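Q: sequence-free structure coming up:
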Ligand code: ADP
Ligand code: ZN
Ligand code: ZN
């Protein structure tokens, strides 16, 4: 048997690939290599070196070229990725690919960690003075005279700069240079005197520096969690160590970045999916080189190299955005814990509404809980009240009591937030004459009416159709929008309260990159206003003059079949409510519902999130649902229902016999049809994670070989966070 390199290639197959070592150079584990793959070439990551080949000599191909002299992924990341691929039953190649910024998955030299800049030469200055260049060349010379710029900056300010740059560089009028050293940051934000609970939390984590210890920082919104993070990052920096800070959404990032930069006095790297690829790769490489010390990022930033790791923080740890829902389905919070253990550093999970998983880990003694119970800046906790909607005359879904409270609040010159977690004008368009309603033919679900666009939109598959002027079934003119989305609430509130601006914040109004920040920023003057929006409003920006939060339409969450719906409803309600009364003015929260006696709402409002979570946990324990039971979900879809059924039947039959596993299904998915594809699933549960993995691991490899697998799309989801 020849000795080979075992390589991860970015393909959705459950295997690594063997190649003969390159003719020149040596590759080590963690280096990228270029290999022939099928009829093409592919960039892979060397996972093992010098292993006996699993296939015969004749089939083996040779590595074409080694791209990295030194491993790009260090031993800790390699080990973590191998663990992750195994745990989430992912294709190993996709796990490794996920860890690398897109630019580093290509056969190109690594970019410099600092982007080079273009500047004028002395000859260039003379040429400009002499006026010897015209047109685009002259414009470029003038631009660079004002300030040397990087290619990325030029791409935005002078889109067609490249041909001119080539001409000018050939004539030695401009040249590439090193960027000026990053400006010296001086911390200039004043330091707050920390209160006792903050001191206690900081002391506990500091004491754990240098070893693995998970903490759950459980503190209501506005209780000063971010201040705790800042202090801990300062202490980590003082030891010359790196911090990874994960946040669930990019919308949160700008304000946090500003706060970090003002306080820490060091550059803060930001990694999120909206970043230009070059920037992303460079930030990643600066962390790898140890040049950068603090990185703030969303889910995929959990793969950032941390050669001098000191601390990992996961903010809003309960947030579902940490779970990747396609391709390699990992959970960034859970991976953060695995990395912290490998790196021997403390990991701090923060939330006002911790996940039931993390609370169970505290209960089991695996995490240490730290509490922040008071709000330093606010004098009173918000007052919460239920509005019973039954038998009320509603105005576009808004009750008189709610409208009255809104009116009072703006009359006092304060701001109101109306929360509704549904975009569009109305979720259903109904014919009052014959009962027809607009439905997506590809999903068999009602289409949402978007009035401003005059369109019907499917929120499941994005199908769009013009809104019909009359009923397509009976020709009647009596088409009525049913229910309310944010667009309709905006319209109703605008009509009712004409003296104040009504701002809508949802995915439509914030499509542009900075629109969210700008919309909220426009409220900074504290003038009275009404905000209407979806869960995007649950966090971000502090609005000190926001004193009333009205939550309308949470009833869907009370009635859902998903066992996590109650947990999500409680979290969202508390998060949104937390926006009220963050400064000195007292806050008020109204919750409008048709189910005022629902036990979950009662516990939540009377006793708070911790009590509600405790009840939910007790239910989960009794029903052996996560976190007390463990789940793997096999999802499958195809054009033909028969293909789905055949695959799931074969998959089910291939599961090992025994009573360690409970199997639900095969069954149709909760949404049996989506975007024209039939969907089905098989849920495998066990009280023991070990038993579950032991059974499912070999089975996942077998699935790919089932004859019926070729006619369907399928995927495995370990610890699914929803069953859709
Ligand atoms: P969280 O992250 O828990 O929502 P923050 O850290 O953002 O809370 O703090 C909420 C507000 O209280 C911020 O305006 C912050 O500046 C302020 N704050 C935090 N800690 C203190 C403190 N010890 N003294 C005074 N104000 C504080
Ligand atoms: Zn009709
Ligand atoms: Zn659809």
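A: Noted; the coordinates are in hand. Predicted, not measured: the structure shown is a model, and the values here were computed from it. Ligands and ions are numbered 1, 2, ... in the order given.
Q: what's near enough to touch residue 437?
A: By CB atoms under 8 Å, 6 or more residues apart in numbering, the contact list for residue 437 reads 428, 429, 430, 431, 446, 482. For every residue, glycine as well, the C-beta is placed using N, CA and C.
Q: so the third one makes contact with residue 482?
A: Yes - Residue 430 lies in contact with residue 482 (CB atoms under 8 Å); the separation is 5.0 Å.
Q: the more surrounded of the two?
A: residue 430 (20 against 13; other CB atoms under 10 Å).
Q: Can you name the residues bridging to the more buried one?
A: Taking DSSP bridges as the rule, residue 430 bridges to residue 437, residue 480.
Q: any idea how far it is from residue 447?
A: Applying CB to CB, to the nearest Å, the value for residue 430 to residue 447 is 11 Å.
Q: Ok, residue 26 next?
A: Distance from residue 26 to residue 447, counting by CB to CB: 59 Å.
Q: For these two, work out which one has more neighbours and name it.
A: Neighbours per residue (other CB under 10 Å) separate residue 26 from residue 447, with residue 447 holding more: 25 against 11.
Q: who's in contact with that one?
A: Residue 447 makes contact with 429, 438, 439, 440, 456, 457, 458, 463, 465 under the criterion CB under 8 Å, 6+ apart.
Q: Which members of those residues are positioned in strands?
A: If you go by DSSP state E, the contacts of residue 447 have 429, 456, 457, 465 in strands.
Q: of those, closest to ligand 2?
A: Set against ligand 2, the nearest of the ones in strands among the contacts of residue 447 by CB to the ion is residue 429 (10.7 Å).
Q: quick one: contacts for the closest one?
A: Counting by CB under 8 Å, 6+ apart, residue 429 touches 437, 438, 446, 447, 449, 456, 467, 479, 480, 481, 482.
Q: Give me the pLDDT for it.
A: The model reports residue 429 with a pLDDT of 95.
Q: before we move on, what about residue 6?
A: With respect to pLDDT, residue 6 has a value of 95.
Q: ok so it is a strand residue?
A: Yes - counting by DSSP: H, G, I helix; E, B strand; the rest coil, residue 6 is part of a strand.
Q: Wait, it touches residue 15, no?
A: No - the criterion here is CB under 8 Å, and residue 6 misses it with residue 15 at 9.6 Å.
Q: Of the two, which one has the most company?
A: residue 6 (20 against 15).
Q: ok, whichever residue of the stretch 1-150 of the chain sits closest to ligand 2 - contacts?
A: Proximity of the stretch 1-150 of the chain to ligand 2 (CB to the ion) peaks at residue 12, 45.9 Å away. Residue 12 is in contact with 91, 93, 94, 327, counting by CB under 8 Å, 6+ apart.
Q: So which residues on the stretch 451-600 of the chain come close to ligand 2?
A: 471, 473, 474, 476 (CB under 5 Å from the ion).
Q: Residue 138 is in what secondary structure piece?
A: Using DSSP states H and E, residue 138 maps to helix 135-146.
Q: Counting by contacts, list what that helix packs against.
A: Judged by 3 or more CB pairs under 8 Å, 6 or more residues apart in numbering; DSSP states H and E, the packing partners of helix 135-146 are strand 117-120, helix 122-130, helix 161-170, strand 174-177.
Q: Out of the ones you listed, which one sits most buried?
A: Among those, the stretch with the highest mean neighbour count (mean count of other CB atoms under 10 Å) is strand 117-120, at a mean of 20.
Q: on that earlier part again, so which of the helices and strands packed on helix 135-146 comes closest to residue 53?
A: Evaluated over the helices and strands packed on helix 135-146, closeness to residue 53 peaks at strand 174-177, with 45.0 Å, by CB to CB.
Q: related to what we said a few turns ago, would you mark the buried spots in the helix holding residue 138?
A: Under the neighbour-count criterion of 16 or more other CB atoms under 10 Å, helix 135-146 has 136, 137, 138, 140, 141, 143, 144 buried.
Q: and the two most separated of the contacts of residue 12?
A: That would be 93 and 327, which, of these, are the farthest apart (CB to CB) at 10.9 Å.
Q: More neighbours: which of those two?
A: Set residue 93 next to residue 327 and count neighbours by other CB under 10 Å: residue 93 wins out with 25 against 15.
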